[in-house]
Every structure is written in C-alpha cells, then in structure tokens.
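Enquirer: below is the structure, and that's it, no one-letter string:
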Ligand code: MLT
C-alpha cells in the first residue's frame, strides 16, 4: 500500500486492529523485514510498517535525516487515521528513529520497543566505514554490499540452520536504491547522541537483542536498560542483529506481552 504523508508517497503495510504498533525497519532493508511480525501480531494490534524515505515503495527525496524519518512516520500515522499513542518499535536504524520520535512527538508514544539498537552516535571509525559504503553503492550499486551486510546481520546459527535467510536478506538489500542507502547513511552519520534521551523516556520500554548480535552487542542493550527508568531487557537466544527475523516467535512473544500490559 502507499499513502501520501505530508506530500511524500510512503509505502507501508497495515494489518489488524486495536492498539497501534508502528514497526520501523533497519538499514538497508525495507518494511518486508516485518512480515513475521505482521503475520503473528495482527490479531493483537493495529500493525503499521512503513518504508523509510527512499526505501521500498517510498519516494526518494531529500532531506535524509533521522528527524525527517521520524516526522515521516508520524505523518503516515496521521494519513492512516491513527491519532492515539502508538507502541513504537524500531530495530537498529529503526531504533534511532524511535529515539527521534520520542524527542519530537512523545505525545504519540504509548510504549517503546528498542531492538538491536544503540543510543550512542557514530564513532569516527564508524563514520569512515559509512563513507566507504556510500562510495561503493554509488559506484557499483546496492548488490555490492548485500552479501557482507546480510552476513553481518545474521548469527552463525541462522546462517547454518537457515541458509535461505541469507538469500532473502541479501535480495532485500539488493532491491534498495543506491541513493536511499547513501541517504540513510548520511542520516545515521549525522544523528545525535541519544544517551541523554534515555533517562527522559517515561513510557514502558522493552529492549530486545539477539544474544549473538555482532553489530549492537547485548552489552549495549544492558547499558540502555540501566538508563531507561521503566524498561525490561530480553535476550533472544541464537539470534544475531536481525533478531525479529531470526527468532520471530520469541520476538513476537515479548512484543505480545508488552502489548497486553499497555493496551
Ligand atoms: C541497522 O541494522 O539498521 C544498522 O546496523 C544501523 C547502523 O548501520 O547503524
């Protein structure tokens, strides 16, 4: 589906009814990564999964900033008629967007789910790597980074037991526009440090992390959990960075528990 949100065409999936659950995807993926959640949680919540500006079926247009991505998500909620506060769930880059939604639109947030993400800004080393990715996709297309990015996201267990997961994630990355990948990298490079935001979070917060997440290791989630007042942390055994996709039943079970307490 597509909707016009403040003039931007946004691709999104919508399923179920009840408490709104906004699902914000990671980088460099699109809303399709949330299919296991839409399938399982539509009976419990009104799931809305947008494509971030430039990705999937969303139009590509500057500005590429995390604040703009947050505003886009809220404009989509407006466009589909969701005015009550939503449970906002973001994985990795989606988590950076969730922090921005909390800072800019907190009246729209009923609870937060922060999956495989971090509050800190990029280190200088991370910024150098992002610039390399931008140059690579501009020169050689999205497929040039697909296999290495997909492998980094999945645990050794997933790669061994579920080889089709690698192909699926790789295909999702290859299908993204190079300029969307470049734009999201620019946005993440420039994102602010959200560490001081953590203590301000005044809604129930569920933190989820794959026990083998090599990109945002569990220690980072433990630190976030200590800093967010009303928060709970769950480690998903066997999962890597893409925990919602690798261990959907465990991920969905934790989300369902949170939905029950805040609905
Ligand atoms: C993601 O999965 O969204 C990325 O790991 C985020 C990032 O590159 O910082």
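Expert: Structure received. Quantities reported herein were computed from a predicted structural model and do not represent experimental measurements. Numbers count the residues shown, from 1 in each chain.

Enquirer: hey, let's count contacts and neighbours off CA atoms from now on
Expert: OK.

Enquirer: okay, helices next: where are they in the stretch 151-263 of the chain?
Expert: Secondary structure of the stretch 151-263 of the chain (DSSP state H, counting those that start in this stretch): helices located at 156-161, 163-174, 178-189, 195-198, 218-227, 243-246, 248-262.

Enquirer: determine which stretch of those is the most buried.
Expert: helix 243-246 (a mean of 24; mean count of other C-alpha atoms under 10 Å).

Enquirer: counting by contacts, list what that one packs against.
Expert: helix 35-41, helix 248-262 (3 or more C-alpha pairs under 8 Å, 6 or more residues apart in numbering; DSSP states H and E).

Enquirer: if you count neighbours, what's buried in the shortest one?
Expert: Read it as helix 35-41. Neighbour-count burial for helix 35-41, counted by 16 or more other C-alpha atoms under 10 Å, picks out 36-38, 40-41.

Enquirer: okay, those in a markdown table with distance to the ligand and pLDDT next?
Expert: Shown next, in a markdown table, are the buried residues of helix 35-41 (distance: C-alpha to the nearest ligand atom, whole Å; pLDDT from 0 to 100):
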| residue | distance to the ligand | pLDDT |
| --- | --- | --- |
| 36 | 17 | 98 |
| 37 | 17 | 98 |
| 38 | 19 | 98 |
| 40 | 22 | 98 |
| 41 | 22 | 98 |
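
Enquirer: out of those, who's nearest residue 136?
Expert: Of all the buried residues of helix 35-41, residue 36 has the smallest distance to residue 136: 30.8 Å, by C-alpha to C-alpha.

Enquirer: chain neighbours aside, what residue packs nearest to the closest one?
Expert: Once flanking residues are discounted, residue 36 sits nearest to residue 248: 6.2 Å by C-alpha to C-alpha, 6 or more residues apart in numbering.

Enquirer: quick check, that neighbour in contact with residue 37.
Expert: Yes - taking contacts as C-alpha atoms under 8 Å, residue 248 lies within contact range of residue 37: 7.0 Å.

Enquirer: and the nearest residue to residue 40 once chain neighbours are set aside, what is it in contact with?
Expert: Counting by C-alpha to C-alpha, 6+ apart, residue 252 is the residue found nearest to residue 40 once chain neighbours are left out, at 7.1 Å. Contacts for residue 252 (C-alpha atoms under 8 Å, 6 or more residues apart in numbering) come out as 37, 40-41, 244.

Enquirer: what about residue 252, distance to the ligand?
Expert: Taking C-alpha to the nearest ligand atom, to the nearest Å as the measure, residue 252 and the ligand are separated by 18 Å.

Enquirer: now do that residue, the pLDDT please.
Expert: pLDDT, residue 252: 98.

Enquirer: and for the one 4 residues further on?
Expert: Looking at residue 256, its pLDDT reads 98.

Enquirer: contacts only, for it.
Expert: So residue 256 contacts 41, 44 (C-alpha under 8 Å, 6+ apart).

Enquirer: tally of neighbours for residue 61?
Expert: Around residue 61 there are 13 other residues, counting by other C-alpha atoms under 10 Å.

Enquirer: I misspoke; the intended subject was residue 131.
Expert: Counted with other C-alpha under 10 Å, residue 131 comes out at 14.

Enquirer: and what of residue 81?
Expert: 9.

Enquirer: so which of the helices of the stretch 151-263 of the chain comes closest to residue 45?
Expert: Of all the helices of the stretch 151-263 of the chain, helix 248-262 comes closest under C-alpha to C-alpha, at 7.7 Å.

Enquirer: distance between the closest one and the chain's centre?
Expert: Averaging C-alpha positions (C-alpha atoms, centre = their mean, to the nearest Å) puts helix 248-262 16 Å from its chain's average.

Enquirer: 755 is where my numbering starts, stick with that
Expert: Okay, using 755 as the starting number, the last item reads as helix 1002-1016.

Enquirer: just the contacts of residue 1006 now: which is nearest residue 871?
Expert: For the contacts of residue 1006, the nearest to residue 871 is residue 998 (12.4 Å; C-alpha to C-alpha).
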